[in-house]
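Trainee: quick one: sequence and predicted model below, then my questions.
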Amino acid sequence: MGNQPTLDPKLTAVLARLCKRRGTLTKTQAAKLPYLVDVVAQHVLGRRITAASHQNWRWGVVAAEVWHSVKPGTGIQPFFSIVEMPYSEGSVQISLLKEPAKVLEPEEAEIVDFVADEFGALDYGKLGKLTKAMNLEVTDWGSNTPAKIDEDAYIRLMGRWDTIFSRLELCNTEDESNWQELTGASVEELRKSLGV
C-alpha cells in the first residue's frame, strides 16, 4: 500500500453519504461528485467541505485522492465495498459497507444530498462535460492544475451549461438560414431558443 493517498474524514463522509443516497457509484461519479459538493458548499457556506485536490484532468475535474483510492486493496475498504466491473466505465462499483464517523454538519449533509439528487445519476461522459463547462477558462485539460471552486463555477453548474452545450452540438451551424441575430437578446431568450 506504500504511498496510497488517504481521504480526509470529510471526504470519506461525503462519499459515504453519496453512496447511501445513490446506492452505488462508479469510480468516475465518486471522483467527480465531491467537486460539485465543494462548489455548492463554497457558494452556500462560504467554504469547502472537503480537503480534496480537485484537478483538471483530461476528461474533466477529478478529486485525485478519490480516483487513486477507489480500487480493491486500498485503505477505504473498511467503509466501502469496491467491486471490479471489467469492461465498464471506471472499472469499479462503490457502495457503502459501514458508515464512517459522523463529521458532516447538518447543512453540509443537505448539500451532499442536493448534489446526489441533482447530479448523481449523470454518467461519466455527462459529468466530464459538466465539470469542463464549469471551468471554461481551462485550455490545457490534462494538466492536473487545480480546478476553480468559485462563484463562476457555481453559476455555470446551476445554469446547467452542460445542457446548453449538448443542445448546441445538435445545431446545424453550416446552414446560414438557421442563423439568428442575438444582439440585445437576454440570456432567457437564448435559453428559450436552444430549448433549455
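Mentor: Okay, I see it.
Trainee: what's the distance between residue 91 and residue 83?
Mentor: 10 Å (CB to CB, to the nearest Å). Just so you know, the C-beta spots here come from the backbone N, C-alpha and C atoms, and that holds for glycine as well.
Trainee: right, I mislabeled it, should have said residue 76
Mentor: From residue 76 to residue 83 the distance is 13 Å (CB to CB).
Trainee: just residue 147 next, same as before
Mentor: Residue 147 is 28 Å from residue 83, by CB to CB.
Trainee: same question for residue 97.
Mentor: Distance from residue 97 to residue 83, by CB to CB: 11 Å.
Trainee: how about the nearest residue to residue 136, chain neighbours excluded?
Mentor: residue 156 (7.1 Å; CB to CB, 6 or more residues apart in numbering).
Trainee: tell me if I'm right that that neighbour and residue 131 touch.
Mentor: No - proximity of residue 156 to residue 131 does not meet the contact threshold set by CB atoms under 8 Å, at 9.6 Å.
Trainee: these two: which has the busier surroundings?
Mentor: The neighbour comparison of residue 156 against residue 131 (other CB atoms under 10 Å) goes to residue 131, with 28 against 21.
Trainee: quick one: that one is in a helix?
Mentor: Yes - judged by DSSP: H, G, I helix; E, B strand; the rest coil, residue 131 forms part of a helix.
Trainee: do I have it right that it meets residue 33?
Mentor: No - assessed by CB under 8 Å, residue 131 is found out of contact with residue 33, at 10.0 Å.
Trainee: got the domain ranges for this protein?
Mentor: 9-159, 160-196 (automatic domain parsing).
Trainee: the shortest one - what's its average pLDDT?
Mentor: The one in question is domain 160-196. Averaged across domain 160-196, the pLDDT comes to 63.
Trainee: check stretch 82-92 too.
Mentor: 73.
Trainee: can you give me the end-to-end span of it?
Mentor: 6 Å (CA to CA, to the nearest Å).
Trainee: now it: how far from the chain's centre is it?
Mentor: Chain-centre distance of stretch 82-92: 19 Å, with CA atoms, centre = their mean, to the nearest Å.
Trainee: please name the residues that touch residue 79.
Mentor: 12, 15, 16, 96, 97, 98, 99, 100 (CB atoms under 8 Å, 6 or more residues apart in numbering).
Trainee: so the last one lies in a strand, does it not?
Mentor: Pointing back at residue 100 there. No - using three-state DSSP, the assignment for residue 100 is coil, not a strand.
Trainee: more neighbours, residue 91 and residue 83?
Mentor: residue 91 (15 against 12).
Trainee: looks like that one contacts residue 70 (just checking).
Mentor: No - with contacts defined as CB under 8 Å, residue 91 does not count as touching residue 70, sitting 9.5 Å away.
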